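Student: fold the stuff below for me.
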Amino acid sequence: MKKSKLKVLIVTYYWPPAGGSGVQRWLKFVKYLRDFDIEPVVYTVKDPSYNQEDDTLLKDIPEGIEVIRQPIFEPNNLLSKLKSKKETKSSGFQNPTPSFIGKILQYIRINYFVPDARKFWIKPSVKYLKSYLSKNDIDLIITTGPPHSLHLIGLELKRKLNIKWIADFRDPWTDIYYNSSFKMSASTMKKHQQLETAVLNESNAVVTTNANLNELFSKRTKTNVTLITNGYDDEALGNEDFTLNDGFTLDYIGYLPQESNPYSLWKALQELCKEDAEFKNDLKVNITGDINSVIIKSIKDHNLFNVTNVQGYVSHDEAIKMQKSANVLLILVAKSEESRQITPGKIFECLQAKRPILAVGPTDGGAAEILQHTNAGNIFDYDDVISIKNHLKELYQNYKQEKLTVNSVNVDLYHRRELTRKLANLINGIINSNNKSE
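Tutor: Sure, this is the predicted structure:
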């Protein structure tokens, strides 16, 4: 007899009070899964070391959801004590000038903690979850990475218990853009590739957030690979009346690593400020979040620091308000061939802000696809100073004429509830296929 409600176990490192982009995807899936007769159970870490925390996200956890927390040993906590204060405050991998000790620690972390520094949670989690699954009726497990070590929890449980398993990739694994900047040995990369292959081949389904990554994985495995993008939720809709910022404001909100430094944008703005005193007087650049020091230096080098406001991490609710008050929203994608396989999660909430989007990144990547599908903005190649400059002129002219608007389409397709519907259909398909085979 068919059960009235399926039950899934979600294995995730990021869970409230974690802040940042990593927590949003599965927090929102959990919020809506019950609407599709699927009961989620969350397995996550106890007393983790999150870079940012955001207590406002706790309100999104549905009442009565079972959340299991288990301790984790994180060697990063020990390694950080050996770094300089400057390095400890930096964004980990993204520190541009690590000390000699920092370089050694980075080499150790990259080459000895495979697939990542959360690997020590694998064995105790498998042991705990084997016992939990023997006592509880769970139909399917889902692992989400990064950290990709969590997929190895799913892999071991699949091998030991033959339970149905979905591996969700919020970002690429072996093809992530920053791998090329590390001193990773050939043997280490081979280990990553072997582990990635095992996860792709032995899971019942693979989920990605980006069409290019979806295509890449589809060529590497016969397992079903499904695209379910990130999205926006009700807080991005809002009913409040928002007043636009004073001045011609360009706003970037979120994590901004060294690889995403938009030299062409800074160059275009520098030239416009030299050519047009009124433009310079109206221009304001707001950057909010965890910002790499190289980018701050680049802003100064282009004589833009006097028109730039930099502040640290803000809550998700505050970020939504800031997006709606901006004149123009910036999406800055890391400069790398592999960045085609990444779609910045923030782009979906920017769609709902209903402000023009100016993006710098691969013109055939994930951000480009979303902007084209929604008509919400324009994306320019990393080195296309002339086109960026001309577009800024057009945006500024519209601003002066009070016509700086956007006519987007298809945005409703990216609501978190609609995306959860796709996930629920995938889950039901796996379970029903299994039932038929039996």
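Student: now do the SS call for residue 249.
Tutor: strand (DSSP: H, G, I helix; E, B strand; the rest coil).
Student: model confidence score at it, please.
Tutor: Looking at residue 249, its pLDDT is 97.
Student: any idea how far it is from residue 407?
Tutor: Distance check for residue 249 against residue 407: by Cβ to Cβ, to the nearest Å, it reads 21 Å. From N, CA and C alone the C-beta is placed, and that goes for glycine too.
Student: over to residue 394?
Tutor: Residue 394 is 15 Å from residue 407, where distance means Cβ to Cβ.
Student: between the two, who's got more neighbours?
Tutor: Here residue 394 and residue 407 are compared on neighbour count by other Cβ atoms under 10 Å; more neighbours surround residue 394, at 13 against 7.
Student: which is the next helix or strand following the helix or strand where the more buried one lies?
Tutor: Element membership for residue 394, per DSSP states H and E: helix 385-400. Once the chain leaves helix 385-400, the next helix or strand it forms, by DSSP H and E, is helix 416-437.
Student: which residues touch the closest residue in space to residue 383 that isn't next to it in sequence?
Tutor: Leaving out its chain neighbours, the residue that sits closest to residue 383 by Cβ to Cβ, 6 or more residues apart in numbering is residue 264, at 5.7 Å. With contact set as Cβ atoms under 8 Å, 6 or more residues apart in numbering, residue 264 has these partners: 360, 380-385, 388.
Student: how close does residue 264 get to residue 379?
Tutor: Counting by Cβ to Cβ - residue 264 and residue 379 are separated by 12 Å.
Student: I'd say residue 20 and residue 52 touch.
Tutor: Yes. If you go by Cβ atoms under 8 Å, residue 20 and residue 52 touch, sitting 4.9 Å apart.
Student: identify the contacts common to these two.
Tutor: By Cβ under 8 Å, 6+ apart, residue 20 and residue 52 have these common neighbours: residue 313.
Student: now do the end-to-end distance for stretch 285-298.
Tutor: Stretch 285-298 stretches 13 Å from its first residue to its last (Cα to Cα, to the nearest Å).
Student: identify the residues contacting it?
Tutor: So stretch 285-298 is contacted by 51-52, 90-91, 94, 96, 245, 249-258, 260-261, 263, 266, 269, 299, 304-305, 307-314, 319, 322, 326 (Cβ under 8 Å, 6+ apart).
Student: which among the residues you listed end up buried?
Tutor: Among the contacts of stretch 285-298, those scoring as buried are 52, 90-91, 94, 249-258, 260-261, 263, 266, 269, 299, 304, 307-308, 310, 313-314, 319, 322, 326 (criterion: 16 or more other Cβ atoms under 10 Å).
Student: ok, now which ones touch the residue nearest to residue 416 when sequence neighbours are not counted?
Tutor: By the measure of Cβ to Cβ, 6+ apart, the closest residue to residue 416 outside its immediate chain neighbours is residue 28, 4.1 Å from it. For residue 28, the residues meeting the contact criterion (Cβ under 8 Å, 6+ apart) are 60, 231, 233, 416, 419-420.
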